[in-house]
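Asker: Sharing a model prediction with you, sequence too.
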Amino acid sequence: MKAIVYVDLKTGVLDPQGKAVSETLGRLGFDEVQDARIGKRIELELADNLDAETAEARVKDMCEKLLANTVIEKYQIELVTA
């Protein structure tokens, strides 16, 4: 089983990297871009013997302890079975 974790800044948290990307795209002629937010995608390969409920709980614990800074970031977990 694979877990995919999407981590993004919470609404209202400044995103200087996203601002830089948005401004640079504008200078390159992509005037339709009004804003950009930068996040990260983390893929975790999990042991096959985990059931979905346990896997999700374990990955949530990983997010809370290491993968996301929950003060300023939110995360979403997607489980993928082969």
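Answerer: Structure's in. What do you need?

Asker: OK, contacts around I4?
Answerer: Contacts here follow C-beta atoms under 8 Å, 6 or more residues apart in numbering; on that basis I4 touches R41, I42, E43, L44, I77, E78, L79, V80. Backbone N, C-alpha and C define where each C-beta goes, glycine included.

Asker: Check R37 too.
Answerer: With C-beta under 8 Å, 6+ apart, R37 has these contacts: D8, L9, D15, G18.

Asker: List the residues that contact the residue of the chain positioned farthest from its centre.
Answerer: The C-alpha centroid of the chain is most remote from G29, which lies 27.7 Å away (C-alpha atoms, centre = their mean). Applying C-beta under 8 Å, 6+ apart to G29 gives no contacts.

Asker: would TSV of the contacts of I4 with neighbour count be doable?
Answerer: Formatted as TSV, the contacts of I4 follow (neighbours: other C-beta atoms under 10 Å):
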residue	neighbour count
R41	10
I42	16
E43	10
L44	16
I77	18
E78	13
L79	16
V80	10
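
Asker: Just name the closest of the residues you listed to T54, please.
Answerer: L79 (10.6 Å; C-beta to C-beta).

Asker: Which strand residues bridge that closest one?
Answerer: Counting by DSSP bridges, L79 forms beta bridges with A3.

Asker: Pretty sure it sits against K2.
Answerer: Yes. With contacts counted by C-beta atoms under 8 Å, L79 reaches K2, the gap being 7.4 Å.

Asker: hmm, back to that, grab the two from the contacts of I4 that are most spread out in space.
Answerer: The span of those, defined through C-beta to C-beta, is set by R41 and L79 at 14.3 Å.
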